[in-house]
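> Pasting the sequence and the predicted model now:
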Amino acid sequence: MIKRELYLNKIRPYMDKNLIKVISGIRRCGKSVILQQICEELENSGVDEENIILINLELMEYSNIKNINEFYDLINKKINNKSRKTYLLLDEIQNIENWEKLVNSYLAEGNYDIYITGSNSKLLSGELATYLTGRFVEIKIYPFSFLEYLEYKKTNNKYLNEYEQFKEYMKYGGMPSTFDFEEIEKTQYLQDLYNSIIFKDILAVQ
C-alpha cells in the first residue's frame, strides 16, 4: 500500500501534541492503513516499539471487550512503562460504548499521544466537540484520489494507459479494496459496502 502523504502531512504537525487525533471516514477508505503508517513513522523517529499500542477493535482477539472498563484494563496491561510517553492508536473505537470517557481520561493523565479512528455517525456527525470537550483535531480521510489511485496502480505497472485508468476510476471510485478485483467482484463489493455503511454506521446509531 502506498503512503498517503496528503493525510500524513496533516497529522504530523499534531504528533506529540496534547490533543486527541481523530481520524474519521467511511468504512474501508484506508483509516487502518494510515494508523499503521503512523506507527511506522513513530518507530522510524526513535520511539520504542513497546511504547506504541495499536488496537484494532474489529479483530476477533478483541471481540470479548464489551465496555470501557474492560478496554481500560486491556490497554493498561499493554503499557510497559508509565513513566515514559505511550502512543495509543485505537482503531474503530466506536465499537466501545462511552469510548469518549476513556480517551478523555488518558488525555487528562498527560503522558499519552492518542490517535483514534471511527466510521459511524457518532464520529462523523460534528458532535465530537461535545464528546471530547474540544481537546481534539479531526483529520477526515477519503477514498483514494485519482493521483493516489494511479500511484498505487503504477507500483505493479509503470506503463499504464492513464485515460483507461481514469475511466475505470470514474466507474468504480477510489475504495482501495477494489483495486485488484475483477469487474463483477468490484460491483458486488461496493454494493455490500454501501449497504454496510447505511445500516451499520448510520441507521444503527439513530
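Now that the structure is in, tell me what you want to look at. Numbers count the residues shown, from 1 in each chain.

> all contacts plus neighbour counts: C-alpha atoms, from now on.
OK.

> Need the pLDDT of Trp99.
On pLDDT, Trp99 comes in at 91.

> contacting residues for it?
Ile68, Ile93 (Cα atoms under 8 Å, 6 or more residues apart in numbering).

> ok, the most centrally placed residue in the chain - contacts?
Note on the chain: the residue nearest the mean C-alpha position is Lys31, at 2.8 Å, using Cα atoms, centre = their mean. Lys31 sits next to Ile23, Ser24, Gly25, Thr117, Ile141 when contact means Cα under 8 Å, 6+ apart.

> Which pair of those residues spans the longest distance?
With distances taken as Cα to Cα, the most widely separated pair in the contacts of Lys31 is Thr117 and Ile141, at 9.9 Å.

> Give me the common contacts of those two.
Common contact partners of Thr117 and Ile141 (Cα under 8 Å, 6+ apart): Ile23, Ser24, Lys31.

> mind checking how far the second one is from Phe166?
The gap separating Ser24 from Phe166 is 26 Å, by Cα to Cα, to the nearest Å.

> Please identify which of those two sits among more neighbours.
Of the pair Ser24 and Phe166, Ser24 is the one with more neighbours under other Cα atoms under 10 Å, namely 23 against 16.

> so what are the domain limits for this protein?
Using automatic domain parsing, the domains assigned to the chain come out as 5-140, 146-205.

> ok, and which of the ones you listed has the densest surroundings?
Stretch with highest mean neighbour count among those: domain 5-140 (a mean of 16; mean count of other Cα atoms under 10 Å).

> What's the local residue count around the nearest residue to Gly25 once chain neighbours are set aside?
Spatial nearest neighbour of Gly25, excluding adjacent residues (Cα to Cα, 6 or more residues apart in numbering): Ile141 at 5.0 Å. Neighbour count of Ile141, defined by other Cα under 10 Å: 18.

> For Ile141, grab phi and psi.
Dihedral pair for Ile141: phi -110, psi 140, per degrees, to the nearest 10.

> State the distance from it to Arg84.
Distance of Ile141 to Arg84, computed by Cα to Cα: 30 Å.

> and which of the shared contacts of Thr117 and Ile141 is nearest Asp73?
Comparing the shared contacts of Thr117 and Ile141 against Asp73 with Cα to Cα places Ile23 closest, at 23.6 Å.

> what about that closest one, which SS state?
Ile23 falls in the strand class when you classify it by DSSP: H, G, I helix; E, B strand; the rest coil.

> what's the spacing between it and Ile79?
Per Cα to Cα, Ile23 is found 22 Å from Ile79.

> And for Lys21?
Lys21 sits 20 Å away from Ile79, going by Cα to Cα.
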